[in-house]
Each structure stands twice: as structure tokens, then as C-alpha cells.
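In: Requesting a structural model of the entry that follows:
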Amino acid sequence: MANVWAIKSGDWNDVTVWNTGALPTSTDDIYANNFSININQNITVNSLRNTANTGITAGGTFTFNTGNITVNISNTIFYTTATIFSITATSGLVTINITNANILVNTNVELIKHTGNCNLTISLISLGSGGDPYINKSVLTKTSNGNLTITGNIIGTSGANYTKNTIYNSGGGNINIIGNVTGGGTIQNAPAILVEGSANLTVNGNVTGASGSLGGYATIVFSSSGTCSIIGNLTGNVSAGLYLLAGTANVNGTIAGGNFAGVVGVIVQNAILNHVGTVQASAFASAISCNSPITSTVICTGPFLKNGYIVAIASQTLRINFNSNSYFQFKKSNGEDIDYVSTVEGYNYPTPADVRYGVSYKSGLAIGTCHVPTPDNVRKNIPVDNTVGTSDNVNADDILQAIQDSSLPIAQRLRNVATVESTGAQLEAYQ
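Out: Residues are numbered from 1 along each chain as shown. Sure thing, here's the model as predicted:
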């Protein structure tokens, strides 16, 4: 393992760029040495750094102005106050794989800038976490219309400024996070992910509000004209999990209230929320809040579960997609718990005439009126309820009526059998 550093700006594959006069190897620690190094080939190294060392000056940037490049890094990226990665390629895919790193603590510059319209994929353990609480820069900024995919957990930074996010987007394309997204800790929190512009955001993982002592903004603030999709649970903490300011959000998982008075899981304002799953109030707040009924739409399935006297949803607008879980939990005026189920027929409940007499359903709001005879009151072997009749009683009138109504040949013959009365009537007619 050796320290290798640049002695001038240039392309990675130019041996005259490096102090060794040879290309770096997979076991080397590479220093930018305050120069700009364009990575124009696939590389594998131990680390990339723009920190200082003996005979090495802090600063410098590793740039990507050509697509279809893969960088494999074994250990932590070391950086100073300079942008370490600048992705400017206009097409193709740039892939950065970091094997053993919880990295990119906040500094006073963006550590990764994605400005070209190429696609960018980053694989690591986590992105975000910690740093000077008063520094006002995002860890990763994306102004391009290319796609961004991050495999790893996203952790919010801590500080006093709204724009100090882990990820900030003002461009288009798709942002895909495969991992959990958690708000920052200590002091006050900026969003872990702030999406503006026209991008779509998809999170395949859980989203949890920040845990800072002063709360702050939601873990995800979405004001893009695109769509925000969360496939996982969304939970408030000291701040909300999602602040939806525009576009549409589709959430598939439990939405739960936070751990601070009035802090909900999701705030909806001038946007559309579609949710499938449980809505669970916490001991401190409802799970969903919406105070813009004219410009917002909230569509949920439920169930809507209370916590003590706190109801699951505090919204001036709510539309319900009815299914078997579409019920609300409330407290009665006497303090007793009650589950309220809608009586709307769209809930797919049967009508009372189709329910056995005396059976209570719809959480006690309806009683069946259909009378079903017991098997001992039904002729033997005739289907009834989920069995057959067992009665051996034979009623003469029933037999005669059956002969009269049947189309069987034997029934026709029996209907024409001569009797004393019919024969006497025929003889009398010939007298």
C-alpha cells in the first residue's frame, strides 16, 4: 500500500499526472493534491482523498466528464473542504462503489456534484451523518436531468439552515434510494432529502423523522412536480417523516405519528397523498395532517388507529378506499373505545336480508334478517344451511301437490287414475 498523488491536473490514465510516473494500483491511497483529476477509465483503489499529507496539499477534485465509468473504492473517501467528486458527463452511466464506508460527513462545500445529464449510481453503507451543525452545504447536489440511484442508508445532517441537506435536487430525472432514510440528530435538522424541480423520488425502505432536540424540518421535503413513492413505513420522530408540498406521494406501509407534541408522520400541503396501509397515531400526535383541503387530496385505506384520545388523522380532507381494514378508532364521551366502520354500501358488506337473523355485523351497526330453518324442520336429505334436512315427517297435502306439479310420466299416470267417484260420474253421464 502506498500514497500516490497528482503533480498536475489531467486524465487519470496519463502516467505523467502521478508522482510515481505510473498509474495507481488497487492497494494505493490516491491524493488529488489540489489538482483536478478526470477519471476516464474504470479504476479500483484503496481510497480517494483530497486531504493533506506529508508533501501533499489539501484540496482538488476527481471529475467524471465521460460516461460508462466504474470506480471501486475499498475504504473511506477522505476529503477536506473541497468537492471531491464532480460528475459532468452528459450521457452514459457513472458508477461509484464504496465497500467499507459510512461516509460523507457534512463540510462547507458539496462533496458530490451531479451536474451532467448522465446517470449516477452510488453504492455504500450510508451517506450523510454528523458534521459541523452550522455549515450550510448539502453533501450531494443534483442539478442534472439524469437518474440518481443510491444503495445505502441516507442520514440527515444537523444544523440551523434549511438548505443543508444530505441530498438536494433541483433537476429532473429519477432518484432511487434503496435503503432507509433517517433525519439528523442534535440541535436542529434540515431535510435529509430535499427534492425540487421535476424529479421523481422512490425510497425502497423506511423513512423516520429527525431526532434532534429542537426538531426541524421533515426527513424528506418534496416540492417537485413529480411523484414521491415510499415502499416502507413512514414515521415521525421529533420532526415529520415527509413534508409533501407539491406533486403526488404514494406510500405503501404504516404511517405513524411522532415522538413530540404535534409532530405527525406526514404533512400534506397543496399536494396529493395516496396511502395503502395502517395509519397509527402516537401518544403525541396524529399520523397525517392536512390543512389545505381545497388544494390537497388525501386518499387512504386504513385502518385508522388511535392512541389514547389522539386520533390517527387530523385532516380537513380525506377520501377512503374501502376494504376490510377501513375502520376508525375513537374514544366515546364516556372514555370507552369504539371502532367505527362506515355504513356505506361500497364497503362491500352484505344487506341484512342476506345475513342470518339476529347476527350483528358492521361493528354492531347492522343485524341480519334472513330466517334459516333448522335441519329438523326440513325434509330428509334436502339441502339447508350448510347441511341437509333430517325430518321424516310426510305431509299428504305436500305429496298431492308434488304429483300435481310434476312433469314425470308416473305423476301424469297418477293424475289420471280412475277412482270410484270418477267412474260413477262417467256412468251417471250415460244414463
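
In: Next up, the contacts around the residue nearest to Ser86 when sequence neighbours are not counted.
Out: Using Cβ to Cβ, 6 or more residues apart in numbering and skipping residues adjacent in sequence, the residue nearest Ser86 is Thr63, 4.5 Å away. All C-beta atoms are positioned from the backbone trio N, CA, C, and that covers glycine. Shown in contact with Thr63 (Cβ atoms under 8 Å, 6 or more residues apart in numbering): Ser36, Ile37, Asn38, Ile39, Phe85, Ser86, Ile87, Thr88.

In: how many neighbours does the third one have?
Out: Pointing back at Asn38 there. Residues contacting Asn38 under the criterion other Cβ atoms under 10 Å number 21.

In: shouldn't Leu93 be in contact with Asn117?
Out: No - using Cβ atoms under 8 Å, Leu93 is not in contact with Asn117; the gap is 11.6 Å.

In: Show me which of these two is the more surrounded one.
Out: More crowded of Leu93 and Asn117, by other Cβ under 10 Å: Asn117, with 20 against 16.

In: what's the helix or strand for the more buried one?
Out: Using DSSP states H and E, Asn117 falls within no helix or strand.

In: With Glu421 instead?
Out: Going by DSSP H and E, Glu421 is part of helix 420-430.

In: Centre of the chain to that helix, how far?
Out: 89 Å (Cα atoms, centre = their mean, to the nearest Å).

In: From the contact counts, what lies against that helix?
Out: Packing partners of helix 420-430 (3 or more Cβ pairs under 8 Å, 6 or more residues apart in numbering; DSSP states H and E): none among the helices and strands.

In: Report the backbone C-alpha coordinates of it in PDB.
Out: Only the C-alpha atoms of helix 420-430 are listed here, as PDB (Å, rounded to 0.1, in the frame of the first residue of the first chain):
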ATOM      1  CA  VAL A 420    -114.900 -44.700  -7.600                       C
ATOM      2  CA  GLU A 421    -116.100 -41.100  -7.800                       C
ATOM      3  CA  SER A 422    -114.700 -40.500 -11.300                       C
ATOM      4  CA  THR A 423    -116.100 -43.900 -12.600                       C
ATOM      5  CA  GLY A 424    -119.500 -43.200 -11.000                       C
ATOM      6  CA  ALA A 425    -119.600 -39.800 -12.600                       C
ATOM      7  CA  GLN A 426    -118.900 -41.300 -16.000                       C
ATOM      8  CA  LEU A 427    -121.700 -43.900 -15.700                       C
ATOM      9  CA  GLU A 428    -124.200 -41.300 -14.500                       C
ATOM     10  CA  ALA A 429    -123.400 -39.200 -17.500                       C
ATOM     11  CA  TYR A 430    -124.600 -42.000 -19.900                       C
END
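
In: Could you report the neighbour count for the residue lying closest to Pro303 once chain neighbours are set aside?
Out: Distances taken as Cβ to Cβ, 6+ apart place Asn325 nearest to Pro303, at 4.6 Å, with adjacent residues excluded. Neighbourhood size, Asn325 [other Cβ under 10 Å]: 12.
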